[in-house]
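Trainee: Everything below, folded, please.
(chains A and B)
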Amino acid sequence: MSTTPDKQIGFPISQSHAEQGFGKFPYVVIRLHYGIYMQFPIHFVKERRDDLVGISIQTESNDPKEQQALLLNAIAQFKTQVDEQKKRFHRLCVVLDKDQAYYWEEDGIKFSHSIPKGGTLLNSQQDFLAMGFPHQIQTKQSERHG
Amino acid sequence: MKKQLVVRLSSKLEVNFHCTEVPVTSTFLDVPPVVSEHNFPILLHFQHGALVSTLHLSQLPDALLLHLDENLQFQSATYAYHQPKGDFAVQSQCPFVLIIPLPIPFDLKDIQSIRSIANTENK
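Mentor: Sure, this is the predicted structure:
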C-alpha cells in the first residue's frame, strides 16, 4: 500500500512492539479474515518466562540451527490449542525469513517462498501492529530471534 | 518437471515440498546456477550411472542437501552455510538429492520417511 516515502499509507511495526519481539524472524501469523492477520513472536528461552508476549520455546541450546529445529513441533502444539479454543481450523504459518514460510493447510504443512504481508496486522490483544506494511521490521540485516 | 515430496516426521507431521526435479546426466554438477534457474526446493536426479556425483556448492545460498536413495529414503545430509567465496564441493553416492533452503524448522533425526505424491505439473 505504501507509495513514495512522503506519501505512505498505513504504518509499520513500532519500536515498542519490535522490543516485544514482533516483526523478528521467526514468527507465527494466523490469517483471521481476508487481509487481517494476527502475529505471535517466537522466543527461545532457557527457563519459563511469563513476561514474554507470544510463543516461548524452552531449550538449553544457543545454536540457531538447533533452536529452529524445534519450531514445527512447537507450532503444531500451539495450533492445536488455538484450534481447540476457537473450535475451528486456523490458517496459520511460521515465517522463517523474508521469503520462507511453512503453511498449515488442511492437507498438511507446505513450504512456500511467499510470506504474508500488508493488510492489517494485529497482536493477540487485537491491538494494531501494522497496516499496509510488511509484517517484519525493516533493518539492514533481517533481525532474528535465536 | 514438478514433483511433490512429503517429508513425514516422527511427530506424524507431514511437510510438503513442491520441488523441481532436475535430471543430471553428468557426474559433476555446478549447483548454484541450477538453483538460480529453478529456485528452491530442487530435487536433483542423477542418471549418469556412475557411483559418485560431485556437487559444486560455492556461492550457493544457505541450504540443506538431503541425500536420498532410489526409494527416496533419507540417507545423509549436508549443510551448506555461508560460502560466498572459495571452492566447496561435496560428493554423493545417492541417486537423489533434495535441496531446501535454510533454516529448516524440524530436526533431521525426526525424518521418518519421504515419499513422492505425483508429478503435479510439467515445466
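
Trainee: going forward, measure contacts and count neighbours with C-alpha atoms only.
Mentor: OK.

Trainee: Give the burial count for the residue of chain A found nearest chain B, as a bare number.
Mentor: With CA to the nearest CA as the measure, the residue in chain A that lies nearest chain B is residue A:69; the distance is 4.0 Å. A count of nearby residues for residue A:69, using other CA atoms under 10 Å in any protein chain shown, gives 18.

Trainee: Can you mark which positions in the top helix by length along chain A are buried?
Mentor: Of all segments of type helix in chain A, defined using DSSP state H, the longest is helix A:71-86. With burial defined by 16 or more other CA atoms under 10 Å in any protein chain shown, the residues of helix A:71-86 counted as buried are A:71-76, A:79.

Trainee: ok, now stretch B:36-51?
Mentor: By neighbour count, with 16+ other CA under 10 Å as the criterion, the buried positions of stretch B:36-51 are B:39-46.

Trainee: Select from those residues every entry located in strands.
Mentor: Among the buried residues of stretch B:36-51, DSSP state E puts B:42-46 in strands.

Trainee: From residue A:87, how far off is residue A:29?
Mentor: Residue A:29 sits 18 Å away from residue A:87 when distances are taken as CA to CA, to the nearest Å.

Trainee: sorry, back to before: within reach of chain A, which of the ones in strands among the buried residues of stretch B:36-51 are there?
Mentor: Filtering those for proximity to chain A by CA under 8 Å from any CA of the partner chain leaves nothing.

Trainee: Near chain B, which residues of chain A? Just list them.
Mentor: Contact residues (CA under 8 Å from any CA) of chain A with chain B: A:65-66, A:68-73, A:96, A:108-111.

Trainee: any chance of those in JSON lines, plus distance to residue A:52 and pLDDT?
Mentor: Formatted as JSON lines, the residues of chain A next to chain B follow (distance: CA to CA, whole Å; pLDDT from 0 to 100):
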{"residue": "A:65", "distance to residue A:52": "22", "pLDDT": "89"}
{"residue": "A:66", "distance to residue A:52": "21", "pLDDT": "93"}
{"residue": "A:68", "distance to residue A:52": "18", "pLDDT": "95"}
{"residue": "A:69", "distance to residue A:52": "21", "pLDDT": "95"}
{"residue": "A:70", "distance to residue A:52": "18", "pLDDT": "96"}
{"residue": "A:71", "distance to residue A:52": "17", "pLDDT": "97"}
{"residue": "A:72", "distance to residue A:52": "20", "pLDDT": "96"}
{"residue": "A:73", "distance to residue A:52": "20", "pLDDT": "95"}
{"residue": "A:96", "distance to residue A:52": "19", "pLDDT": "96"}
{"residue": "A:108", "distance to residue A:52": "29", "pLDDT": "88"}
{"residue": "A:109", "distance to residue A:52": "27", "pLDDT": "96"}
{"residue": "A:110", "distance to residue A:52": "28", "pLDDT": "96"}
{"residue": "A:111", "distance to residue A:52": "28", "pLDDT": "97"}
